[in-house]
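# pasting the structure only:
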């Protein structure tokens, strides 16, 4: 699957403007660019877990989705789309439809890592021919920036507030892409907004056109929750990748591949300092926490490199 | 015409499902409804249906997948009991408010806790405000017949609501009884093809389901849903009439048993109606004017018709196989008493809680209730309108 | 379907059944461009048509036709400024960015 950037940008838009996501939202950047992975002429049914994206893209009577769309609830985007996908197989078998449909569902990290994990796990294990896309902004942003299991360590959130006895979230984020890869599904990838979006596009296309269950984990910064100026999103994502905080990798039929290795890895503080949620780490007495964060990033990176070397 | 067989209630409902040959069935096992997806899986495995069975990882996902499949344009059903239905709770509301005519075979079982696998109606009674049509059965034959009628009611353009076909856990689900089945072709002709007007996989249009609705829409959405529920009553009767034409078996909103001239009446739901009928017969032989009203349709609630049917009684016992823990009695008690009040009825009414967690109900116990009603009538008032039957002191 | 009949003053009989919508992309009728007074400015003469500003827009507000971008869709642009930083040619300017 090659990538012709201009051809890709020239494709018809499948997510209309006029949705109510905040200015500078990473979630809709993810959605728009994943949908570009669909081949022209193929139809899709889009699923969506409750969250910012759902309440903002389908406020009656305004839907931003050019394709058919279903929102059900917060914790069941996986199960809901597995029902839609199964209906497709039956209606096709019974000769009631002839066109090709693809099934893509979007959930935030709250709906994916946490409350919807069981439903997602079930859908992946049953290997429905669908793609689950997590737009991971590392907290429950829709309800006002509460911590999730995707929130990085030490982040200041409204349920892990920094205070005299607290330096933010005590635990590090869980590695959901690895957890889904351990389901032994045909395709899992982690990506973000990076350069000319080749990485995200190629992975989206692969995920959509790989038969069986696929999972995409996309780091999608939230300017409000991460506390940075909206215009800086591409720089934040670049630093996420260049510090090895957010490695780009994919797992195809169980084979792990590292898609990018920084020639000169940047220190984690370059990523952290851009975000208000880590402001407290830059106080003199908290500098050791940055060291702890760095150790954790390095440990996980080495583990990933090991997986990819096998 | 029909063929005779001996079947459990679960097998009878599974056969109804096979005869319907739906598009999709997501299900998760839970006692006592487990046999339904088991039987159905064997029909799939042996090519007796071409339905896609989804072995989901929970009841929440069963209803979630059912919503996805039904919205996509597939005729969808599932089965559950008790805590399985409790886990579906949120999704029951979503299915109904999205106007998706899913059919659910509910095998009634007590809700935890303490955990108990036997019959009462706390599961479906708890879901009575979820916006689903609810129909109850006394025996295997009714469970089968009601399931055959489910889609013609639910999919009717004036209704388009999900439907719950309830039967009593173990008492009818596992007891083998004589039953008369329809021919497969008769069922298929009766239920017909599913041709929804709007669905996600409609190649002719794009569709969006499940919006966020601001306050300016929410009440109007509820009123629209309520109107569909109101419409359902007439459709239930129309479908029952057509069903009688192919089966010879007649159904209404409820069954009146020796009620016409009854002075002492009992309102009951489900299998205990059979026991109550025996008690009524025995009392009638002694000259006591006892009668029974067995609810078939609980949602929508046929309040006016019930009040009318009870209008000649002196006193009525409303039997609840579910506690509402309101300190006032059970859900059926509240509904029937409200119906009587609205009709300005002068009938005295008392609410009994019975049969919770599979507690047996015997003919002599029902007769005792009627005996108490005679005393209440003689006293001309009800001192305690909230009683338990079969409780150890 | 006629969206204008589904406004917030419509009666309950006029709502679509189950609040379903039978058309895609209807949000285009909602003008989120009013959310901000600060807007990016497109300087077409300086644009190299590299299109790097296109994928970064969260609001699908940079129309592309025949592999060339046009002026901003100000009906929907919320003025986030991401495109300003994505442009290497200095063809997008906005108050407060760069």
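Done, it's in. Keep in mind the model is a prediction, meaning the values are calculated, not measured.
# Near chain A, which residues of the stretch 201-350 of chain B? Just list them.
B:201-203, B:206-214, B:217 (Cβ under 8 Å from any Cβ of the partner chain). All C-beta atoms are positioned from the backbone trio N, CA, C, and that covers glycine.
# Which of those residues fall in strands?
B:208, B:209 (DSSP state E).
# got a winner among the residues of the stretch 201-350 of chain B next to chain A for most neighbours?
Among those, residue B:209 has the most neighbours (other Cβ atoms under 10 Å in any protein chain shown), with 31 neighbours.
# May I have the predicted confidence score for that one?
pLDDT for residue B:209: 98.
# got it, and residue A:310?
On the pLDDT scale, residue A:310 gets 86.
# partners of the longest strand along chain A in the sheet?
Counting by DSSP E, the longest strand found in chain A is strand A:101-108. Paired with strand A:101-108 in the same sheet, following DSSP bridges, are strand A:43-48 (parallel), strand A:131-136 (parallel).
# by contact count, what packs against the longest helix seen in chain A?
Taking DSSP state H as the criterion, chain A has its longest helix at helix A:287-309. If contacts are counted by 3 or more Cβ pairs under 8 Å, 6 or more residues apart in numbering or on different chains; DSSP states H and E, helix A:287-309 sits against strand A:255-258, helix A:268-272.
# Quick check: which of these is nearest to chain B?
strand A:255-258 (25.9 Å; Cβ to the nearest Cβ).
# What is the subsequent helix or strand relative to the strand or helix carrying residue B:43?
Per DSSP states H and E: residue B:43 is located in helix B:35-45. As assigned by DSSP H and E, the chain's next helix or strand after helix B:35-45 is strand B:52-54.
# about what we covered before: so how far is the longest strand of chain A from its chain's centroid?
12 Å (Cα atoms, centre = their mean, to the nearest Å).
# packing partners for whatever helix or strand comes next after that strand?
Downstream of strand A:101-108, the next assigned helix or strand under DSSP H and E is helix A:109. The contact analysis (3+ Cβ pairs under 8 Å, 6+ apart) places helix A:109 against strand A:131-136.
# And for whichever helix or strand comes after the strand it packs on, what's in contact with it?
Per DSSP H and E, the first helix or strand lying C-terminal to strand A:131-136 is strand A:162-163. Defining contact as Cβ atoms under 8 Å, 6 or more residues apart in numbering or on different chains, one finds that strand A:162-163 is touched by A:156, A:168, A:280.
# what about the strands in the chain?
You didn't say which chain, so I picked chain A. A:43-48, A:58-59, A:62-63, A:68-71, A:101-108, A:131-136, A:162-163, A:166-167, A:187-192, A:214-219, A:249-252, A:255-258.
# ah, no, chain C please
Using DSSP E, the strands of chain C run over C:41-42, C:64-65, C:68-69, C:92-93.
# Report the strands that pair with the second one, each with its relative direction.
Put plainly, it is strand C:64-65. Partners of strand C:64-65, by DSSP bridges, with direction: strand C:68-69 (antiparallel).
# average pLDDT for the partner strand?
98.
# what residues does that strand touch?
C:47, C:49, C:51, C:53, C:54, C:62, C:63.
# Mind doing that once more with 6 Å?
C:49, C:62 (Cβ atoms under 6 Å, 6 or more residues apart in numbering or on different chains).
# Summarise which helices and strands whatever helix or strand residue B:376 lives in is packed against.
Element membership for residue B:376 (DSSP H and E) is helix B:363-379. Applying 3 or more Cβ pairs under 6 Å, 6 or more residues apart in numbering or on different chains; DSSP states H and E, we find helix B:363-379 packed against helix B:272-285, strand B:315-320.
# again, only using 7 Å
strand B:264-269, helix B:272-285, strand B:315-320, strand B:348-353 (3 or more Cβ pairs under 7 Å, 6 or more residues apart in numbering or on different chains; DSSP states H and E).
# could you measure the residue lying closest to residue B:377 once chain neighbours are set aside against chain C, distance?
Once flanking residues are discounted, residue B:377 sits nearest to residue B:314: 4.3 Å by Cβ to Cβ, 6 or more residues apart in numbering or on different chains. Separation of residue B:314 from chain C (Cβ to the nearest Cβ, to the nearest Å): 42 Å.
# I figured residue B:314 was touching residue B:263, is that so?
Yes - using Cβ atoms under 7 Å, residue B:314 is in contact with residue B:263, at 4.6 Å.
# hey, what's in contact with both of those two?
Common neighbours of residue B:314 and residue B:263, using Cβ atoms under 7 Å, 6 or more residues apart in numbering or on different chains, are residue B:377.
# export the residues of the stretch 201-350 of chain B next to chain A to JSON lines and tack on distance to residue C:1?
Formatted as JSON lines, those follow (distance: Cβ to Cβ, whole Å):
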{"residue": "B:201", "distance to residue C:1": "18"}
{"residue": "B:202", "distance to residue C:1": "14"}
{"residue": "B:203", "distance to residue C:1": "17"}
{"residue": "B:206", "distance to residue C:1": "11"}
{"residue": "B:207", "distance to residue C:1": "10"}
{"residue": "B:208", "distance to residue C:1": "11"}
{"residue": "B:209", "distance to residue C:1": "14"}
{"residue": "B:210", "distance to residue C:1": "17"}
{"residue": "B:211", "distance to residue C:1": "14"}
{"residue": "B:212", "distance to residue C:1": "18"}
{"residue": "B:213", "distance to residue C:1": "16"}
{"residue": "B:214", "distance to residue C:1": "19"}
{"residue": "B:217", "distance to residue C:1": "16"}
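# and residue C:52, how far is that from chain A?
Distance from residue C:52 to chain A, by Cβ to the nearest Cβ: 6 Å.
# ugh, wrong one, I meant residue B:374
Distance from residue B:374 to chain A, by Cβ to the nearest Cβ: 52 Å.
# Distance of the spatially closest residue to residue A:169 that is not a sequence neighbour relative to chain C?
In space, and not counting its chain neighbours, residue A:169 is closest to residue A:160: 4.0 Å by Cβ to Cβ, 6+ apart. The gap separating residue A:160 from chain C is 27 Å, by Cβ to the nearest Cβ.
# How about residue 47: what's its closest non-neighbour residue?
All of this is about chain A. residue A:105 (3.2 Å).
# You answered for a different chain; I wanted chain C.
residue C:91 is the one closest to residue C:47 (Cβ to Cβ, 6+ apart), at 4.0 Å.
# Verify the stated contact: that neighbour with residue C:43.
Yes - shown here, residue C:91 and residue C:43 form a contact pair, counting by Cβ under 7 Å, at 4.8 Å.
# Run through the chain and note the low-pLDDT ranges.
No chain in the question, so chain A it is. A:1 (pLDDT under 70).
# um, chain B though
Checking chain B against pLDDT under 70 turns up B:1.
# Mind naming the longest helix for it?
Per DSSP H, chain B has its longest helix at helix B:215-247.
# what packs against the helix holding residue B:43?
In terms of contacts (3+ Cβ pairs under 7 Å, 6+ apart), helix B:35-45 is packed against helix B:9-20, strand B:52-54.
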